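**Student:** here is a sequence together with a model predicted from it:
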Amino acid sequence: MFKRILKHIFLILIMLSSSSAFAFTGYVSGILRSYNNLGQYCPDDLSRSCVGSNYNESDANSFQPLRHMKVRLYNGNHLIGVGTTNIAGAYLIQYSSPTVPGSLKIRVRLEHRDGRFRVFLANGHSQNLDYTSSIVYWNTSASNPQYMGTIHWGSAGLPIKGANIYEGAWRTWHYAFRYSAPIGWHFNNVKILNGTSGNVSSSNEKKISILSGSQFQYHTIAHEMGHVGSSAATNGGTFDYPPNVYCYPNTSGTNCNHTLSSQEWGSAQFEEGLATFMGMAGAFDPSSHDPIYCIGQGEDICAPPSTSSLSVDLETSLGSNCTNADRRREINSAKYMRDLYDNTTGDGMQISFSNMMVSIHSFYNGIGSSTGNHGKNEPWSFWKTYVDDFDGRSTRDYRYHIENDHSLNTNFIYNLNCNPVGD
Amino acid sequence: MNSFAQRFGLSFLAGALGVGIVFFFSISTNLRIEKNEGLVAKLTKDTLEKNDKKDSKFSKKVLKSESSLKKFAEQGDVQERDFEEWQGMLPPKELPPCEKDDGCGLAMACINGQCSPCASDNDCAQGEQCALQHCIHDKNLSCKTRLDCEEEQFCVLSGYSYGPRGNRDMRSFCQGLRDAIEKPGPEEQRLLTESGGPHEDPSFDFSHLRKGLKYE
């Protein structure tokens, strides 16, 4: 009997030791794609030059990689592995499961691999894309992983809106924002809501809301990214104060029907123009001859200004004989900054994006005396600690700043546009 | 009766054995956790002490802009990091189990069978060191915290790279306000996009760092 008891103890020990140490490990790989319906690309029809354009017709209306995205691997509801996709949408993940998986589930949550931004549903809940394989291979390795194949999400008839927002945000990050140190420091964990009741950005909350119906508008997404990017570059600030008071000459109220060509106070004009410039820096390299910016358009192609009043060529000059109303339009600020940035023949100052953002960073802290002309709190009111001049911290102030700090003369490019307001 | 005694004896032994094993693992786990908490506390204490000697204006500016981040972290999605440090690439709270030192993605350490942010070099695999809660290959490491950098610089990470470990090309380096690379030209970008390979991110090449402003 004693031998039988010992035998049972031995068996129990074996079972306990094996169960506590057991783990099923393996490797999986694959490619993730989503149908890209993002519009406002540069068309191939020769109606305009696509030199320097980073988003072209060949990129649109096709399956594109889910680039630089976090990938999770599940056994049932248990997370067993994590990894990221590369620029081609490929991933290679190792996993460890306490039990032999009956299936393997790949999940992406529309989250940038480095946590820069993530797309959520309008209610703030996670938007997940899943793929489950009921086949589980044994004896896989990093060099011989279980290949899950190329997974395609969405279709031409039913593209996934959140994935398209991700594509627009990724393009803005990849082609522009990542080159700036201050943006790299502070542009983290930005929350993008998919399908809200308006296109707005909340710099303080690092939140972007994309209007239901705007999910395929690349330039809208890029512009809203620009606001949070501007906040990151200025270490949490905004040039637009008081917030949301756009409509000149009104000094109160919100929702003044801000548009690309509406009249705005100087500070709002600068903030909006800056957001447009930053977003479009991702869409068009400095070498672009036709950096056409579109907003509020639902169509695929960003139509040339000759065929759409809502399109503006950030390179084409309006001339210097502008009425006061024209001078208050956002587009003038965006064009001035574009000319500081571009390297096209004749008018480009060729300042890199990273150096542009350094100038924005230092401009936010004001010039000279904080209460003087061009100062941070111009003009000073003793009960306020922020700029209280609606035309303060304007494009004109920025010009003063960048010229004085860096021994530049930008008079030529400034006068190519309708001179933005401000003093 | 004999059979009952046998069953009773076996159950008793198995139960005692189970309790013993649970007790043993509990003690060893607690010891490990205490060890890690001690390391974190020590690092934080060292950081605070050394930072007191530095210009605190920079820290205050950083803290101001990161108040919203804390709110995000409290939502349970990402782990927190010393607020004196760069707040990018915070590790997720939900991480998978693991088997070996280099058995985790996202450059995480394998601690007690669970992928976790590293707190010290000992947590990482051989040939790796711990920087900002991530395991970095020795050859790619230039700083571990902001204390390793000059004033008004952050110690930052270049980003995850392709592969099961996620750190093959990931670098840690000191970055100042003006330390950023020039944007590559269109041809370089085209090749970058078409390559599609894991080496597609030259954005933080050291040879390009520490460039001053150049206005032409």
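**Tutor:** The structure has been received and is ready for your questions.
**Student:** isn't A:Q350 right up against A:R338?
**Tutor:** No: in this structure A:Q350 lies outside contact range of A:R338 using C-beta atoms under 8 Å: 11.9 Å. In this view, the C-beta of every residue, glycine as well, is placed from N, C-alpha and C.
**Student:** following the lengthiest strand in chain A, which helix or strand comes up?
**Tutor:** For chain A, the strand with the greatest residue count under DSSP state E is strand A:24-36. Sequence order places strand A:62-65 as the next helix or strand after strand A:24-36, per DSSP states H and E.
**Student:** paired strands for the longest strand of chain A, with orientation please.
**Tutor:** Strands that pair with strand A:24-36, judged by DSSP bridges, come out as strand A:62-65 (antiparallel), strand A:90-97 (antiparallel), strand A:146-153 (parallel).
**Student:** would you mark the buried spots in it?
**Tutor:** By 16 or more other C-beta atoms under 10 Å in any protein chain shown, the buried positions in strand A:24-36 come out as A:24-36.
**Student:** same question, stretch A:396-409
**Tutor:** Buried residues in stretch A:396-409, counted by 16+ other C-beta under 10 Å: A:396-402, A:406, A:408.
**Student:** pLDDT on that stretch, on average?
**Tutor:** Across stretch A:396-409, the average pLDDT comes to 84.
**Student:** can you give the domain ranges for chain A?
**Tutor:** For chain A, automatic domain parsing gives the domain ranges A:23-113+A:122-155, A:239-423.
**Student:** by mean pLDDT, show me the worst of these.
**Tutor:** Taking the mean pLDDT of the domains of chain A, domain A:239-423 comes last: a mean of 79.
**Student:** can I assume A:F270 sits in a strand?
**Tutor:** No: read with DSSP: H, G, I helix; E, B strand; the rest coil, A:F270 is helix and lies in no strand.
**Student:** just say helix, strand or coil for the closest residue to chain B within the stretch 51-200 of chain A.
**Tutor:** Residue nearest to chain B within the stretch 51-200 of chain A: A:A88 (3.3 Å; C-beta to the nearest C-beta). Secondary structure of A:A88, reduced to three states by three-state DSSP: coil.
**Student:** just the closest of the buried residues of strand A:24-36 to B:K139, please.
**Tutor:** Closest approach to B:K139 among the buried residues of strand A:24-36 (C-beta to C-beta): A:Y27, at 24.3 Å.
**Student:** measure the closest residue to that closest one other than its chain neighbours to A:T85 for me?
**Tutor:** Counting by C-beta to C-beta, 6 or more residues apart in numbering or on different chains, A:P145 is the residue found nearest to A:Y27 once chain neighbours are left out, at 3.7 Å. Counting by C-beta to C-beta, to the nearest Å, the gap from A:P145 to A:T85 is 14 Å.
**Student:** between the two, which one's more packed in?
**Tutor:** When A:P145 is set against A:T85 and neighbours are counted by other C-beta atoms under 10 Å in any protein chain shown, the residue ahead is A:T85, at 24 against 19.
**Student:** of the buried residues of stretch A:396-409, which pair is most distant in space?
**Tutor:** A:R396 and A:H406 (16.5 Å).
**Student:** all the helices of chain A, in order from the start?
**Tutor:** A:2-21, A:161-175, A:181-186, A:218-233, A:266-283, A:324-327, A:330-341, A:353-364, A:395-406, A:411-414 (DSSP state H).
**Student:** would you turn these into CSV with distance to chain B?
**Tutor:** Converted to CSV, the helices of chain A look like this (distance: least, C-beta to the nearest C-beta, whole Å):
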stretch, distance to chain B
helix A:2-21, 5
helix A:161-175, 7
helix A:181-186, 5
helix A:218-233, 8
helix A:266-283, 8
helix A:324-327, 26
helix A:330-341, 9
helix A:353-364, 4
helix A:395-406, 5
helix A:411-414, 13
